[in-house]
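[1] Quick one: sequence plus predicted model below, questions after.
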Amino acid sequence: MAELERFDTPARLRDVPAAARQDWSATISGIFADYVGRHPQFYDPTAAETPTKTTVAKASWPAFPARLTRGNPPPEARWANADEDRAKQDEYCEWSVERDNAGKVTRLTFTTEVPEYWEFVAKHDRERLLDLYRELVAPDVERDELFDGDTYLPDNPRNQGTTGRLAHLVQGNNKLTAAVDLVARATVLRQRNGVPVTTQQALVVCSGLGDPFRHSDPQIAQLVNNAAAMGDEVTLRDPIGLYLDEFDATGFRAPDGTPAAAFWTIERGGPSHPVRARFEVPPGHGYAVGDLELDGRRITFGGQVADRVRVRVEALVKAADHRVVREPCRGG
Amino acid sequence: MTATVPIEESMPTDTSCQVFRGLSSEALTPGAVHGLVVGQESELRAFSADEAAAELGDPFATEILLKGTFPRFAGEVLDAFATVGTDGDPLRSAKFFLVGDGSQVLFTPETASVDRNMRFLITLGNGSEGPDVMFSSFDPGEGDVELMAWDRGRGGFNYYQTVGDSSGWVFAGNSRDALLADSEDKGPFEAHPSGNVVMKELKTPWINWHSPAASILPSAFAEDDPLRQHPWLELARQEPDGAITAERLIRLAIGRWTRARFAAITADGGRVDRPERIVRQIVTSPAVNLVSSHVESPLVGEDPVDLPPTFFADIDGLVRVGLAAPPEGFGMVSAALYRESMQAFDMRLEDGQGFVQPGDTHFVFVVPERAAEDQAVLDAAIANGLLTDRLAACLLMIDFPNPVFSRRRTSLLRHVPPTATLTAGADVFSRAMAEGILAAAGTDEGSGEREFAERWGAGDGWRAEFDRLLGAYYAAVNEQLATQAGLDDVIRLAESRRDHVRGNDRLARMPISESPLLFARTNVPPAERVMRSDATVAEIA
């Protein structure tokens, strides 16, 4: 494998023409440029070769926020808590819930689409952005709801709540730039008082890599840091993005015995790079999501199903022979 | 026809799970299934094929042993299942999990000799009711395999054991044998007191397990350790969500046996021969799980520490009977205070063999909580009409600041009626038990009976009254945790409860205590301590 010609869009989405997509690659290269050089074990695959034997390293974590499990609250309480506010859905995956008039859950929508990509679409093709909202969120979305003058508003009223259908990630930490920052800076090996810092939370705190109590940040940090400790170099795998990794359909029980995998539909990104999916019982079954049981409990929250959704990011680990030097923790 | 095999003289007196370790592999007939339900039988007996077929209805027996395959090692067990049934048979599909009490101890030349107690859990046939087969193994290439498999005929898990590298297998009992007077707490039921599945660190962050909260890296193994390159290690590390999935499967399995146990009672006309056996799981602590904060020991000093709420009260049980959960933020402690306590109490991990690491366990504040299998029985006892919400709540509210190892709650066992009948919607048993306790409420001030009388006296307004009591208690706990002295007392109390698990010269060790690295060590003097309803801690004789 030689140098990557250019960074592709997340999930290789084709919402804008090829010429415009070059701009996306330039944007990502610009983000990488902030780190390459400063972090010798982090590299830009469009500027340095990636050998064929390079290893793919995957970090995968549950979509349900780890923060909301602290204190081990009763399951219903933590599911309700997560369903309340997108700001609490901080594992690079957000979801929204639709219910019928009786309050029964009818459809859940999960997304890992980063806001940077939607801003990119808005910049190059506003009509396409509006079409996406009308197709994915609601047919009555108006342009004025999405823009402030010429500026696209990622946290616009049509993409803020936990009810209805959402468009893309909006929680403050759920950004592609945050993921790149994390991977790049996790290549720095650390020590505290001469002792290597290797455990997940300690590494995140020592290097200032995010929130030690999330699933995502500590896992990504340790995966990358462990590779760096071998002297190897790391980058993100193209197409760079956060992806829905796997839907675990075990433990569901439908009234007619239909496997729950039949209710999981990828809406964007395709099977290899899913970025948006819905969980919905197709017409004809005579029941809805709220009639399903999961581990013996009727589904009444989106968070219940979020327990079974995983998110992933993939890194490339290129064999190298960097001398292992550990720096002290930031701030001492 | 049954053949009996001589056994060591020590066997009849040793009724612990160690009895199987006392067997020599020569005692087993190669390629045969044996039976030894400790307490019910005093001799190891080899089953005939007909006897085995009649008695054993689990897939390990029906698909492997009774078809003439007798694996000797854990790896061979897995190989044997790889060809059962047809393509897509759930029994062919295995999930691998990894756990080790010292799994987060950094591997260095100085810590190379530390026994990290690293082992695999393998589950097969993972359906909507949990796994059909489970076994754990320290090494895929070694014998002494312990295996549980769901009996599809009569329900319950069948417990199996190999001895050394023999190809003979011992059937050590079914879950229901755990409930029989002769065999309870004996053999495998010493560690599985209600016949149920055990994953001792069952809640997030699942200290010691490979999970999203704490990965177990290959570097936790010595460079020359064959397990470091073993496929099972990679499979366990690749298992999506690790301990999250293990928790889910184990909870399903716990529910499965609990449902079967009560279904058998219902099928028998609802007659409960030993209701004490059920109530025991509600008012005493025959088993415990371990739970911890979510904060790594190296981090203490920078982030608040979330002490597990179930240390302070049986939150899970109380919520089950309709009482309010503690407020958000309950049990949070300033990291600075916790760091001070760690230093003042000389907290350290040590293995007794020379390894000493200052600080607490990987996730700090590991403590016992009421066992998930006992919570499942509480739930089933209510759902099946044995206990009313009110009686269950009154029992749980006795000495509620001490959710485990409570003498006052335990004392109420003597009032359990000798028989009972499950009757949906009726409260016959609950009334009888309450009346029995109330009749003895003239006993000492501070007795369980007196306290029960107070709780029962709340009448129909019991929920509001108990929520008021709990609310005041939760507020008092938070006040105590805001002070160094209050936190220090809580840590002394935690040490007292840990002693119940690891044992000391007063207390027997619980079977889940398998490693000196399970808890941190401190300089807190051993003593029996209790929490009072004003959230102060007292030592008792």
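    The structure has been received and is ready for your questions. What you see is a predicted model, and the numbers here were worked out from it, not measured in a lab.

[2] what packs against the longest helix seen in chain B?
    Assignment by DSSP state H gives helix B:243-267 as the longest helix of chain B. The contact analysis (3 or more CB pairs under 8 Å, 6 or more residues apart in numbering or on different chains; DSSP states H and E) places helix B:243-267 against strand B:94-99, strand B:119-124, helix B:372-383. C-betas here are computed from N, CA, C, even on glycine.

[3] quick check: mean pLDDT across it?
    Helix B:243-267 carries an average pLDDT of 95.

[4] quick one, helices of chain A?
    For chain A, helices defined by DSSP H occupy the ranges A:18-33, A:75-84, A:115-124, A:126-136, A:143-146, A:176-185, A:200-207, A:216-229, A:302-306.

[5] close enough to count as contact, residue A:98 and residue A:83?
    No. Applying CB atoms under 8 Å, one finds residue A:98 not in contact with residue A:83, separated by 11.8 Å.

[6] Okay, the residue lying closest to residue B:147 once chain neighbours are set aside and residue B:161: tell me how far apart.
    Leaving aside its chain neighbours, residue B:147 sits nearest to residue B:135 (4.0 Å; criterion: CB to CB, 6 or more residues apart in numbering or on different chains). Here residue B:135 is placed at a distance of 10 Å from residue B:161 (CB to CB, to the nearest Å).

[7] list the residues that contact both of the two?
    B:145, B:146, B:147 (CB atoms under 8 Å, 6 or more residues apart in numbering or on different chains).

[8] now the second one, which residues is it bridged with?
    According to DSSP bridges, the residues that bridge with residue B:146 are residue B:136, residue B:161.

[9] so who does it touch?
    The contact partners of residue B:146, by CB under 8 Å, 6+ apart, come to B:135, B:136, B:159, B:160, B:161, B:188.

[10] now, which of the shared contacts of residue B:135 and residue B:161 sits nearest residue B:315?
    The closest of the shared contacts of residue B:135 and residue B:161 to residue B:315 turns out to be residue B:146 (CB to CB; 31.9 Å).

[11] Any regions of the stretch 201-350 of chain B where pLDDT drops low?
    Where the stretch 201-350 of chain B drops to pLDDT under 70, the residues are B:301.

[12] Chain A against chain B: which residues are in contact?
    Chain A comes close to chain B at residues A:60-62, A:66, A:69-74, A:77, A:192, A:195-202, A:205, A:212-213, A:215, A:218-219, A:222-223, A:226, A:245-246, A:248, A:250-253, A:295-296, A:307, A:310, as judged by CB under 8 Å from any CB of the partner chain.

[13] ok so, going back, compare residue A:98 and residue A:83 (neighbour count), which wins?
    Remark: of residue A:98 and residue A:83, residue A:83 carries more neighbours, 23 against 18, as counted by other CB atoms under 10 Å in any protein chain shown.

[14] is it true that that one touches residue A:301?
    Yes. Counting by CB under 8 Å, residue A:83 touches residue A:301, with 5.1 Å between them.

[15] Need the residues touching each of the two.
    Common neighbours of residue A:83 and residue A:301 (CB under 8 Å, 6+ apart) are residue A:97.

[16] for the contacts of residue B:146, which one is nearest residue B:310?
    Among those, residue B:136 lies closest to residue B:310 (CB to CB), at 25.3 Å.

[17] I figured that closest one was touching residue B:119, is that so?
    Yes. Between residue B:136 and residue B:119 there is a contact under CB under 8 Å: 5.5 Å.

[18] List the residues that contact residue B:39.
    Counting by CB under 8 Å, 6+ apart, residue B:39 touches B:15, B:180, B:182, B:183, B:184, B:186, B:187.

[19] Find the nearest non-adjacent residue to the first one, please.
    So the one you mean is residue B:15. Using CB to CB, 6+ apart, the closest residue to residue B:15 is residue B:186 (4.1 Å).

[20] gap between the two ends of stretch B:142-155?
    29 Å (CA to CA, to the nearest Å).

[21] So which bits of it are buried?
    Buried residues in stretch B:142-155, counted by 16 or more other CB atoms under 10 Å in any protein chain shown: B:143, B:144, B:145, B:146, B:147, B:148, B:149, B:150, B:151, B:155.

[22] Contacts only, for residue B:497.
    Residue B:497 makes contact with B:311, B:367, B:368, B:404, B:405 under the criterion CB under 8 Å, 6+ apart.

[23] In strands, which of the residues you listed appear?
    B:367, B:368 (DSSP state E).

[24] Out of the shared contacts of residue B:135 and residue B:161, which comes closest to residue B:105?
    Nearest to residue B:105 out of those is residue B:146 (CB to CB; 25.0 Å).

[25] could you check the distance from that closest one over to residue A:224?
    As judged by CB to CB, residue B:146 and residue A:224 stand 38 Å apart.

[26] likewise residue B:185?
    49 Å.

[27] the more surrounded of those two?
    residue A:224 (30 against 17).

[28] How about that one: what's its closest non-neighbour residue?
    What sits nearest to residue A:224 in space, not counting adjacent residues and going by CB to CB, 6+ apart, is residue A:186, at 3.9 Å.

[29] and the gap between the one you found and chain B?
    Distance, residue A:186 to chain B, by CB to the nearest CB, to the nearest Å: 13 Å.

[30] before we move on, what about residue A:321?
    With CB to the nearest CB as the criterion, residue A:321 and chain B are 18 Å apart.

[31] May I have the predicted confidence score for that residue?
    For residue A:321, pLDDT reads 94.
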